[in-house]
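Q: next comes the sequence, and after it the predicted model I'd like to discuss.
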Amino acid sequence: MADAAPRPQFSPPVSPRDSTPDAPCQVGDLGRSMRDYIARLGSPWVEGEITEWNQRAVGTFATLRDLSGDAAVRLVVWSSVRNRIPKDIAVGDRVVVCVKPEYRVQRGELSFVVSSMKHVGLGDLLEKLELLRRTLREEGLFDPARKRRLPFLPHRIGLITGRATDAEKDVLRNAELRWPHVEFRVEHASVQGDRCVPDVLAALRTLDLDPAVDVIIIARGGGDFQDLLPFSDERLLRAVAALDTPVVSAIGHENDRPLLDEVADLRASTPTDAAKRVVPDVSEQLAAVRDARARITNRLSSVLTHHAHTIEQLRSRPVLRQPERLLHDRQLVIEQALSRTRAAARLAWEQAGGEVARLRATLTAISPQLTLERGYAIVQRDGDGIVRAAADAPDGTPLHVRLADGTITAISGGPAPAESSPGRN
């Protein structure tokens, strides 16, 4: 069996900017770099002349040539956006096109996908609108911080729309489906043409002065670029920004978004979306209440179960199951301490009594009284201490002789005076 052909070895990935003859980049790396770079171009508006216009089932393939004739690009108009393209576009027409450049890496093809197309002559108007957009943005009218919060459940909704239009029906029907008791005050106005701006301004003033109106919806079911121009009128934009009542823009167009979408407090993609954004769904709210109630019930049940378990644990402890046992234990401790104290006091008393007896015996053994009881006597001069020698008591010295049972008064060297007699201390 023949050996399989070796797989080709590719160089390690190298950025196209860093590629060299010795370290080239891969085709895929180059293609992805081109795709990412081209994607940063966004969706520019381009002016040119249609030189080719081929309609197919999936879309229209066209060529847009520069007016100078020295440049051209291939355009792709998918069938999903054909309703945004004027039906009378033909070869030779001068147009303004909103394109998104796309580079397909696998096929190495560059295409310009069309999202909107207008006949030439709108270029100056687009420039004026862009200048107005920059002015209003610099003044802070687009700032999200100034946008007012919509009420959760409006008491009354003001609706400005055309008479008997699909936009009016969509708003009313979807709002009532979501909250059957919703209340509307509808002000009909022209939503295109010369009367549009004056009519909408008058309706705004009327609804803003109604204290029961909590939010205002301006609704229109899309339309051509020129039809939507009144909703980019500076007078209307500044009036909406100055209102006290929140305003919802529901013009319903993605590519040609009027400036009202930027100034309004909330932009809705369609009138139906406006009804959904302004009016809460009663079924969703009831479900949320049930869910919140279930969570609260589960939480309370969990807390009560935890506390019941804690109480049961406390009750199961011996000290709470038999409270008298604690007193009994303490009583035993006190009785044992009292018994030990009494025994110690008794022993100390006995030891002290023995010591006293011993000291008494010692004192008795060395006491002069015991010597006197054996027949001895102590001779003292009158107030002058004990006589220890005969020389201490010359004749005639008054003496006191202390015996075991009393004291005798005498005179040294002679008999005692007749009046003297034994006496006791």
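A: Everything's here; your move. In this text the structure is predicted, and so the values were computed from the model without any measurement.
Q: what segments of this protein are helices?
A: Ranges of helices in the chain, per DSSP state H, are 27-39, 123-138, 166-178, 196-208, 234-242, 260-263, 271-278, 282-316, 318-321, 323-366, 368-373.
Q: mind listing residues that contact the last one?
A: This means helix 368-373. Applying CB atoms under 8 Å, 6 or more residues apart in numbering, the external contacts of helix 368-373 come out as 364, 378, 402-404. All C-beta spots, glycine's among them, are computed from the backbone N, C-alpha and C.
Q: most surrounded residue in those residues?
A: Neighbour count (other CB atoms under 10 Å) singles out residue 402 as the most crowded of the contacts of helix 368-373, with 17 neighbours.
Q: spit out the contact partners of the closest residue to it other than its chain neighbours.
A: Excluding the flanking residues, the one nearest residue 402 by CB to CB, 6 or more residues apart in numbering is residue 378, at 4.3 Å. Shown in contact with residue 378 (CB under 8 Å, 6+ apart): 368, 372, 386, 401-402.
Q: try residue 275
A: Residues near residue 275 by CB under 8 Å, 6+ apart: 170-175, 178, 217.
Q: number of residues surrounding the closest residue to residue 163 other than its chain neighbours?
A: Leaving aside its chain neighbours, residue 163 sits nearest to residue 188 (4.2 Å; criterion: CB to CB, 6+ apart). The tally of other residues near residue 188 (other CB under 10 Å) stands at 15.
Q: and residue 227, by the same measure?
A: Using other CB under 10 Å, residue 227 has 18 neighbouring residues.
Q: any idea how far it lies from residue 312?
A: 75 Å (CB to CB, to the nearest Å).
Q: which residues sit against the helix or strand of the chain with the lowest mean pLDDT?
A: One helix or strand of the chain scores below all others by mean pLDDT, DSSP states H and E: helix 318-321, with a mean of 72. If you take CB under 8 Å, 6+ apart as the criterion, helix 318-321 is touched by 314-315, 325-326.
Q: do the same with stretch 47-58
A: Applying CB under 8 Å, 6+ apart, the set of residues contacting stretch 47-58 from outside is 60-67, 72-73, 78-79, 89-97, 120, 123.
Q: these, buried ones only, as a PyMOL selection?
A: Selecting the buried subset of the contacts of stretch 47-58 in PyMOL, with 16 or more other CB atoms under 10 Å as the burial test, is done by:
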select buried, resi 60+62+63+64+73+89+93+95+96+97
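Q: residue 258: how many residues sit nearby?
A: Look at residue 258: counted by other CB under 10 Å, it has 25 neighbours.
Q: for it, which non-adjacent residue is closest in space?
A: Using CB to CB, 6+ apart, the closest residue to residue 258 is residue 231 (3.7 Å).
Q: how about low-confidence regions in the stretch 301-425 of the chain?
A: For the stretch 301-425 of the chain, residues meeting the criterion pLDDT under 70 lie at 414-425.
Q: sorry, slip of the keys, the one I care about is the chain.
A: Low-confidence segments of the chain, defined by pLDDT under 70: 1-12, 69, 121-125, 224-226, 253-256, 414-425.
Q: what about 50?
A: Scanning the chain for pLDDT under 50 picks out 1, 416, 419-425.
Q: and it, what are its domains?
A: As assigned by automatic domain parsing, the chain contains the domains 41-121, 127-143+154-280, 282-344, 366-425.
Q: determine how far stretch 316-330 lies from the middle of the whole chain.
A: Relative to the chain's own centre, stretch 316-330 is displaced by 47 Å; criterion: CA atoms, centre = their mean, to the nearest Å.
Q: quick one: the residue nearest to residue 258 and residue 220 touch, right?
A: Yes. Counting by CB atoms under 8 Å, residue 231 does reach residue 220; the two are 7.5 Å apart.
Q: overlap in contacts of the two?
A: With CB under 8 Å, 6+ apart, residue 231 and residue 220 have common neighbours residue 251.
Q: mind listing what's buried in stretch 369-379?
A: For stretch 369-379, a neighbour-count test (16+ other CB under 10 Å) marks residue 379 as buried.
Q: what about it, how long is it end to end?
A: Start and end residues of stretch 369-379 are separated by 14 Å (CA to CA, to the nearest Å).
Q: can you check stretch 369-381 too?
A: Taking CA to CA, stretch 369-381 runs 19 Å from one end to the other.
Q: surely residue 184 is in contact with residue 172?
A: Yes. Assessed by CB under 8 Å, residue 184 is found in contact with residue 172 at 6.3 Å.
Q: list the contacts of the residue nearest to residue 163.
A: 160-163, 203.
Q: now swap in residue 161 and tell me
A: Applying CB under 8 Å, 6+ apart to residue 161 gives the contacts 167-168, 171, 186, 188-189, 191, 217-220, 271.
Q: swap the cut-off to 7 Å and go again
A: Neighbouring residues of residue 161 by CB atoms under 7 Å, 6 or more residues apart in numbering: 167-168, 188, 191, 219-220.
Q: right, and residue 34 touches residue 103 too?
A: Yes. Using CB atoms under 7 Å, residue 34 makes contact with residue 103 at a distance of 5.2 Å.
Q: neighbours of residue 80, just the number please.
A: 9.
Q: er, residue 109 I mean
A: 10.
Q: show me the beta-bridge partners of it.
A: Beta-bridge pairing for residue 109 (DSSP bridges): residue 104.
Q: for residue 34, see how far away it is.
A: 11 Å.
Q: hang on, the earlier thing: out of the helices of the chain, which one sits most buried?
A: helix 271-278 (a mean of 24; mean count of other CB atoms under 10 Å).
Q: tilt between that helix and helix 166-178?
A: If you take axes from the mean of the first three to the mean of the last three CA atoms, to 10 degrees, helix 271-278 sits at 40 degrees to helix 166-178.
Q: restricting to C-alpha, output helix 271-278 in PDB.
A: Output in PDB follows, covering the C-alpha atoms of helix 271-278 (Å, rounded to 0.1, in the frame of the first residue of the first chain):
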ATOM      1  CA  PRO A 271     -47.200  50.900  17.800                       C
ATOM      2  CA  THR A 272     -47.800  47.400  19.100                       C
ATOM      3  CA  ASP A 273     -44.500  47.600  20.900                       C
ATOM      4  CA  ALA A 274     -45.500  50.900  22.400                       C
ATOM      5  CA  ALA A 275     -48.600  49.400  23.900                       C
ATOM      6  CA  LYS A 276     -46.500  46.600  25.400                       C
ATOM      7  CA  ARG A 277     -43.900  49.000  26.800                       C
ATOM      8  CA  VAL A 278     -46.400  51.400  28.300                       C
END
